[in-house]
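K.L.:
all I have is the shape, not the residue letters:
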């Protein structure tokens, strides 16, 4: 898997789904490991909803994803 710049909710959900599938994990075992409802993961992967902070971090930890935040330079 490669690093990816995520700029919207749909891209984030797709990246989570791609990593999950790359690691050969199902939505069921991923949601169980992250201790979240399967529906939460399903909606997140579909880009329909952003999970609350704790749920997002649980998903990232479960899949071994590191999130890096950067400050965007203002356009002049």
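P.N.:
Nice, thanks for sending it over. Owing to the predicted nature of the structure, the values given are computational and were not obtained by experimental measurement. Residues are numbered from 1 along each chain as shown.
K.L.:
so residue 56, which of the three states?
P.N.:
Classification of residue 56 by DSSP: H, G, I helix; E, B strand; the rest coil places it in helix.
K.L.:
other residues contacting the longest helix along the chain?
P.N.:
In the chain, ranked by residue count with DSSP state H as the criterion, the top helix is helix 9-22. For helix 9-22, the external contacting residues (Cβ atoms under 8 Å, 6 or more residues apart in numbering) are 1, 4, 6, 26-27, 30, 41, 44-48, 50, 59, 63-65. Any C-beta I mention is one placed from the backbone N, CA and C, and that applies to glycine too.
K.L.:
just the buried residues of those residues.
P.N.:
Neighbour counting by 16 or more other Cβ atoms under 10 Å classes 27, 30, 41, 44, 45, 47, 59, 63 among those as buried.
K.L.:
flag the least confident of those.
P.N.:
Ranked by pLDDT, the buried ones among the contacts of helix 9-22 bottom out at residue 47 (86).
K.L.:
ok, so what distance separates that residue from residue 71?
P.N.:
Per Cβ to Cβ, to the nearest Å, residue 47 is found 24 Å from residue 71.
K.L.:
got it, and residue 42?
P.N.:
32 Å.
K.L.:
coming back round to it: now do the buried residues in the longest helix of the chain.
P.N.:
For helix 9-22, using 16+ other Cβ under 10 Å, the buried residues are 12, 13, 14, 15, 16, 17, 19, 20.
K.L.:
which among those residues gets closest to residue 36?
P.N.:
residue 16 (11.9 Å; Cβ to Cβ).
K.L.:
quick check, pLDDT for the residue sitting nearest the centre point of the chain.
P.N.:
Residue closest to the average C-alpha location in the chain (Cα atoms, centre = their mean): residue 16, at 3.8 Å. pLDDT recorded at residue 16 is 94.
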